[in-house]
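Asks: Sequence plus predicted model, see below.
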2 protein chains.
Amino acid sequence: MYLAKVYVTLKTTVNDPQGLTVLATLRNLGFAAATDVRVGKYLEVRIDNPDRSQAEALVNEMCRELLSNPVIEEYRFDLEEMAPEGSATS
Amino acid sequence: MYLAKVYVTLKTTVNDPQGLTVLATLRNLGFAAATDVRVGKYLEVRIDNPDRSQAEALVNEMCRELLSNPVIEEYRFDLEEMAPEGSATS
């Protein structure tokens, strides 16, 4: 059992209107120190597979097929081992 | 100059319909190993302040005032030191 922490971000060459809006709002609130904002997605996916390399391959496939748009986004992820559901100890 | 990597997630007690939709779609695509999905936000905020503790305090304020909804969300962040803009070396 693994927990995949997936970070999906816009490629640096892609315009980020949502980030610009957040930046403008921060500055309106008085946060003059904020100079740039980029907004992305963060997903936690629980993977029921005991093998780390298989779990990694699955997450890569999920990212390419659904979780990210490879045209404009990039992704990276960390895999954390978890105790199986229903077990009392780790 | 710091880069704050901010992770905003729904509290575990809060229902996540977006996560359930992603999970259902993953399973429809054949990813039977996916057993749970939670969707959150990931933000990168550039902070123009040379002092780490001041930068940390600013990011905490930003999270409380704009970037997260404290009623249903939690946040955490990492601060990474960056080279000032326009400088060639770090």
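Replies: Here it is on my side, so go on.

Asks: List, one by one, the residues from chain A near chain B.
Replies: Counting by CB under 8 Å from any CB of the partner chain, chain A comes close to chain B at A:7-9, A:19, A:22, A:25-26, A:29, A:31, A:33-49, A:55, A:58, A:61-62, A:65-67, A:85. Glycine gets a C-beta too; all of them are placed from N, C-alpha and C.

Asks: What's the ChimeraX syntax to select whichever of these are buried?
Replies: A single ChimeraX command selects the buried members of the residues of chain A next to chain B (16 or more other CB atoms under 10 Å in any protein chain shown):
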select /A:7,8,9,19,22,25,26,31,33,34,35,37,38,39,40,41,42,43,44,45,46,47,48,49,55,58,62,67
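
Asks: Filter the residues of chain A next to chain B down to just the ones in helices.
Replies: Among the residues of chain A next to chain B, DSSP state H puts A:19, A:22, A:25-26, A:55, A:58, A:61-62 in helices.

Asks: Thought residue A:2 was touching residue A:49, still the case?
Replies: Yes. The pair residue A:49 / residue A:2 is scored as a contact, 6.9 Å apart, by CB atoms under 8 Å.

Asks: Show me the common contact partners of these two, please.
Replies: residue A:55 (CB atoms under 8 Å, 6 or more residues apart in numbering or on different chains).

Asks: if we can go back for a sec, and the ones in helices among the residues of chain A next to chain B as JSON lines, adding distance to residue B:73?
Replies: Shown next, in JSON lines, are those (distance: CB to CB, whole Å):
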{"residue": "A:19", "distance to residue B:73": "18"}
{"residue": "A:22", "distance to residue B:73": "15"}
{"residue": "A:25", "distance to residue B:73": "17"}
{"residue": "A:26", "distance to residue B:73": "17"}
{"residue": "A:55", "distance to residue B:73": "27"}
{"residue": "A:58", "distance to residue B:73": "28"}
{"residue": "A:61", "distance to residue B:73": "29"}
{"residue": "A:62", "distance to residue B:73": "24"}
